[in-house]
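Trainee: need coordinates for the following:
(3 chains)
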Amino acid sequence: MHTIENLQLNSQGKLQHFLSIEGLDKSLLTEILDTAESFAYISEQQVKKFPLLRGKTIVNLFFENSTRTRATFELAATRLSADVLSMNIATSATSKGESLLDTIRNLEAMQVDMFVVRHSLSGAAHFIAQHAAPHISVINAGDGRHEHPTQAMLDMFTIRRAKQQFSGLRVAIVGDILHSRVARSQIHALSILGAEEVRVIAPKTLLPAEVESLGVSVYHNLAAGLKNIDVIIMLRLQKERMNSALLPSESEYFKCFGLSNDKLTIANKDAIVMHPGPINRGVEISSSVADGPQSVILQQVTNGIAVRMAVMSMVMRRKTGTE
Amino acid sequence: MHTIENLQLNSQGKLQHFLSIEGLDKSLLTEILDTAESFAYISEQQVKKFPLLRGKTIVNLFFENSTRTRATFELAATRLSADVLSMNIATSATSKGESLLDTIRNLEAMQVDMFVVRHSLSGAAHFIAQHAAPHISVINAGDGRHEHPTQAMLDMFTIRRAKQQFSGLRVAIVGDILHSRVARSQIHALSILGAEEVRVIAPKTLLPAEVESLGVSVYHNLAAGLKNIDVIIMLRLQKERMNSALLPSESEYFKCFGLSNDKLTIANKDAIVMHPGPINRGVEISSSVADGPQSVILQQVTNGIAVRMAVMSMVMRRKTGTE
Amino acid sequence: MHTIENLQLNSQGKLQHFLSIEGLDKSLLTEILDTAESFAYISEQQVKKFPLLRGKTIVNLFFENSTRTRATFELAATRLSADVLSMNIATSATSKGESLLDTIRNLEAMQVDMFVVRHSLSGAAHFIAQHAAPHISVINAGDGRHEHPTQAMLDMFTIRRAKQQFSGLRVAIVGDILHSRVARSQIHALSILGAEEVRVIAPKTLLPAEVESLGVSVYHNLAAGLKNIDVIIMLRLQKERMNSALLPSESEYFKCFGLSNDKLTIANKDAIVMHPGPINRGVEISSSVADGPQSVILQQVTNGIAVRMAVMSMVMRRKTGTE
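Mentor: The predicted structure follows:
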């Protein structure tokens, strides 16, 4: 059994899978950001097409529905000229009683090259990477409450474009930390890349028990938490949480933890506002902030394509022989 | 806010969006028909592939299901070498509570180039075109009861191929005018292209109140309406209308407004018979007419690909730099 | 009306459709296997892409859901550079009340080149081939209880790779022969290719009445049937059969007709074990056999791509002008 650390890297220390931010080092994260810069440049051209993965087959293995994430991975793969096979597993093979491992073995036998995996169980992408044939690369597109590493890297890319460097940066992550795989990946990435401080701001009911062990400072008051902040990352509030015992009401939540123009002025003047989308206007963020001059929410979406192209090309590098 | 007229055209008078026939002039409609002729020629070749939109991303944004229309747009885009992203919106992002405008903004941020929009609300494609970023083109693939302009243009293309010109032509549109976006677009197109006369033939319950204002003559009797007619356009009768108070029964409808061989002989000898499909055999048209020598129903389908290729290439022209 | 035999072949005796093994001769089946060998070689390359069907449109016409078969046909078509249009017919056009024949006519009018048909009714692919336009090729991807010819040919390919030749081979097909279109196709193929003996091993309730007329020997006892056998083909047991009156219980079935390591030792030492998938572990086959050294189950999946590429390229040959 591999450890998480070396499972992602091959014997030359190159990325073979992309499963979690945890376990990667600063130089590798920086390599992803630098590679994404070159793909961002391509995507601004007339012809957004690059033959790097021509003849490769990428399987979108989504055990959990996600239109937006699937679309960005599909576009990233298509713009690298790969062939994409979309499998909505909830409604297909496993319904014939086939085990996950048999599904994987069969797809491998079809000589595919990469799995992009989304699953509601933490560790699913790791499990698949552990058992996949050596020629396969696995990218984690979100597993349970564990990690969503490409989302974190597109956030880092967006931050670096706006702020040039991580040293000295104070970042606040606001909202449902407890259920957020995005938050976990962001905290790891900010720490590895050398951010000055990462704060989490949330009601007690939406914080995991051991959160301080991740090296963050904890705030239960939005105004206090936003002081001297350079980057504000709002998290999406799942509707299903709102109806549960964890929260009072939407309007109550917005009053306490929603980002309004008033609250935004507490942060540094040039602070940027981020959100992984889709946003709930008037719940975790006001429309005036989401659409305002400090918001980089749509840049995040654009950058998501470049970052996914970067990761896909890097895990395939040993196979395409470009390195 | 743009008016409908100039929203479709850019400052050089070139097509930027294709939303409605209303508001376009004869030279532009003729340009579409002429461009479609060259694509029709390509589609008859061994290799039906043309690199014009290589590296472009076209999003099929279908808020209303339509297998056939979606298939023809997908084939048209694929044969122009574009990448196609299919979004079935009814079952996806908006179900997470995201607004239409946020969905559009996010797709734009993915650096897509064109939206093909089908929506049950009249004006949906206009709304999207009004709010879309300048680099985006929108094509209306049917909006509520309003327009279905590519369907009308493939009909015009089919008529021109059979009859060479529009001047002097007498055209009858038969059936459910009230609920038909196709009929509205056809009436506009025939009028702009200079047809001699356009008749609508329908029971009173299936005619809109203001129909004469569109410049058509109205008939409630099929036999009377078919006299001296060169082109007969049958409309599809939606099953849901038949069960409503608007109509007596299927067989009653066929007796009065269905096109049988007998009725067909009333029209001019070389009249052609059209239908947008899918046809209800024995309801609005008999099988012997639908499959008979005067029917051009399947040519309409073939021409639909060429016309959609033409419109797609024209709205992208300013971007591909071919003009 | 064509007979089954000549419907598949054009006037030069070349494959126009691929509907059933029955009616084809040894030289044609051998040509398929030889062509598949060359595609198997391609699929092992870095770039698994071949421009043979560039600009051709292949329609996956699945009236019955099958993730795995559809995926392999889609991959085969994509690796031949064809454009693929996937139609899930159960949920689309025919739900608007359109007849199968009208659906076919409309797709033909879109200038597509090939239909890959899966249908729950025996004879559906033949029906479509009989009525299709001359430029269309039809491939049967499984019709009712009738045939599944590409599955049989990938099995023959797998056998030939393992055993070099068919003469002298003794093959046992084990399980639900009654409901299996795969078994019917396999029996025809093995007979045409000259296998020494084909045995079917099944409880009486899972055997068709006229089975001996296919030229097989019948066994109701697994141990007796496996003696001197070179190739064991296990069939999938449909869960819905198990709950019916036809069978006692899963564990009872496994005890009598499941392939365990013990049973496997009865066959020849170098016997290979096959299964069309997806397997029911512990029902028709034990995990130790399915994953053991004599199993070629995953090779079957790999070979399925090459065989489907071979058949697709052969039926299109007259159109691509490569012969």
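
Trainee: mind pulling up the pLDDT for the residue nearest the centre of chain A?
Mentor: By C-alpha atoms, centre = their mean, chain A has its centre lying nearest to A:Q151, at 1.7 Å. Looking at A:Q151, its pLDDT is 98.

Trainee: so how many other residues sit close to the nearest residue to it once chain neighbours are set aside?
Mentor: Leaving aside its chain neighbours, A:Q151 sits nearest to A:V182 (5.1 Å; criterion: C-beta to C-beta, 6 or more residues apart in numbering or on different chains). Any C-beta I mention is one placed from the backbone N, CA and C, and that applies to glycine too. For A:V182, the count of nearby residues is 23 (other C-beta atoms under 10 Å in any protein chain shown).

Trainee: which positions in the stretch 201-323 of chain A make contact with chain B?
Mentor: A:239, A:277-281, A:298-302, A:304-305 (C-beta under 8 Å from any C-beta of the partner chain).

Trainee: list only buried entries from those.
Mentor: A:277-281, A:298-302, A:304-305 (16 or more other C-beta atoms under 10 Å in any protein chain shown).

Trainee: any chance of these in JSON lines, plus pLDDT?
Mentor: Shown next, in JSON lines, are these (pLDDT from 0 to 100):
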{"residue": "A:G277", "pLDDT": "91"}
{"residue": "A:P278", "pLDDT": "90"}
{"residue": "A:I279", "pLDDT": "92"}
{"residue": "A:N280", "pLDDT": "92"}
{"residue": "A:R281", "pLDDT": "93"}
{"residue": "A:L298", "pLDDT": "97"}
{"residue": "A:Q299", "pLDDT": "97"}
{"residue": "A:Q300", "pLDDT": "98"}
{"residue": "A:V301", "pLDDT": "97"}
{"residue": "A:T302", "pLDDT": "96"}
{"residue": "A:G304", "pLDDT": "97"}
{"residue": "A:I305", "pLDDT": "96"}
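
Trainee: quick one, domains of chain A?
Mentor: Following automatic domain parsing, one finds the domains of chain A at A:4-147+A:302-320, A:149-296.

Trainee: comparing these, which yields the minimum mean pLDDT?
Mentor: domain A:4-147+A:302-320 (a mean of 90).

Trainee: run through the helices of the stretch 51-200 of chain A in chain order.
Mentor: In the stretch 51-200 of chain A, the helices defined using DSSP state H, counting those that start in this stretch lie at A:67-79, A:100-109, A:124-131, A:149-163, A:181-193.

Trainee: from the chain's centre, how far out does the first one sit?
Mentor: Same thing as helix A:67-79. Its chain's C-alpha centre and that of helix A:67-79 lie 13 Å apart, by C-alpha atoms, centre = their mean, to the nearest Å.

Trainee: what of stretch A:249-268?
Mentor: That offset, for stretch A:249-268, works out to 24 Å (C-alpha atoms, centre = their mean).

Trainee: flag every buried residue along that stretch.
Mentor: The neighbour-count check on stretch A:249-268 (16+ other C-beta under 10 Å) flags A:250, A:253-254, A:256-259, A:263-264, A:266-268 as buried.

Trainee: would JSON lines of the buried ones among the residues of the stretch 201-323 of chain A next to chain B with secondary structure and distance to C:E196 be doable?
Mentor: Output for those, formatted as JSON lines (DSSP: H, G, I helix; E, B strand; the rest coil; distance: C-beta to C-beta, whole Å):
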{"residue": "A:G277", "secondary structure": "coil", "distance to C:E196": "64"}
{"residue": "A:P278", "secondary structure": "coil", "distance to C:E196": "64"}
{"residue": "A:I279", "secondary structure": "coil", "distance to C:E196": "69"}
{"residue": "A:N280", "secondary structure": "coil", "distance to C:E196": "70"}
{"residue": "A:R281", "secondary structure": "strand", "distance to C:E196": "73"}
{"residue": "A:L298", "secondary structure": "helix", "distance to C:E196": "69"}
{"residue": "A:Q299", "secondary structure": "helix", "distance to C:E196": "69"}
{"residue": "A:Q300", "secondary structure": "helix", "distance to C:E196": "66"}
{"residue": "A:V301", "secondary structure": "helix", "distance to C:E196": "63"}
{"residue": "A:T302", "secondary structure": "helix", "distance to C:E196": "64"}
{"residue": "A:G304", "secondary structure": "helix", "distance to C:E196": "60"}
{"residue": "A:I305", "secondary structure": "helix", "distance to C:E196": "58"}
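
Trainee: bridged to the closest residue to A:F73 other than its chain neighbours, which residues?
Mentor: Closest residue in space to A:F73, ignoring its immediate chain neighbours: A:V116 at 5.0 Å, by C-beta to C-beta, 6+ apart. Counting by DSSP bridges, A:V116 is bridged to A:N60, A:I139.

Trainee: what's the closest of the buried residues of stretch A:249-268 to C:S99?
Mentor: Closest approach between these and C:S99, by C-beta to C-beta: A:E250, at 50.2 Å.

Trainee: surely the closest one and A:V283 touch.
Mentor: Yes - contact criterion C-beta atoms under 8 Å: A:E250 and A:V283 qualify, at 5.1 Å.

Trainee: could I get the buried residues of stretch A:249-268 as JSON lines with secondary structure?
Mentor: Listed next are those as JSON lines, based on DSSP: H, G, I helix; E, B strand; the rest coil:
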{"residue": "A:E250", "secondary structure": "helix"}
{"residue": "A:Y253", "secondary structure": "helix"}
{"residue": "A:F254", "secondary structure": "helix"}
{"residue": "A:C256", "secondary structure": "helix"}
{"residue": "A:F257", "secondary structure": "helix"}
{"residue": "A:G258", "secondary structure": "coil"}
{"residue": "A:L259", "secondary structure": "strand"}
{"residue": "A:K263", "secondary structure": "helix"}
{"residue": "A:L264", "secondary structure": "helix"}
{"residue": "A:I266", "secondary structure": "coil"}
{"residue": "A:A267", "secondary structure": "coil"}
{"residue": "A:N268", "secondary structure": "coil"}
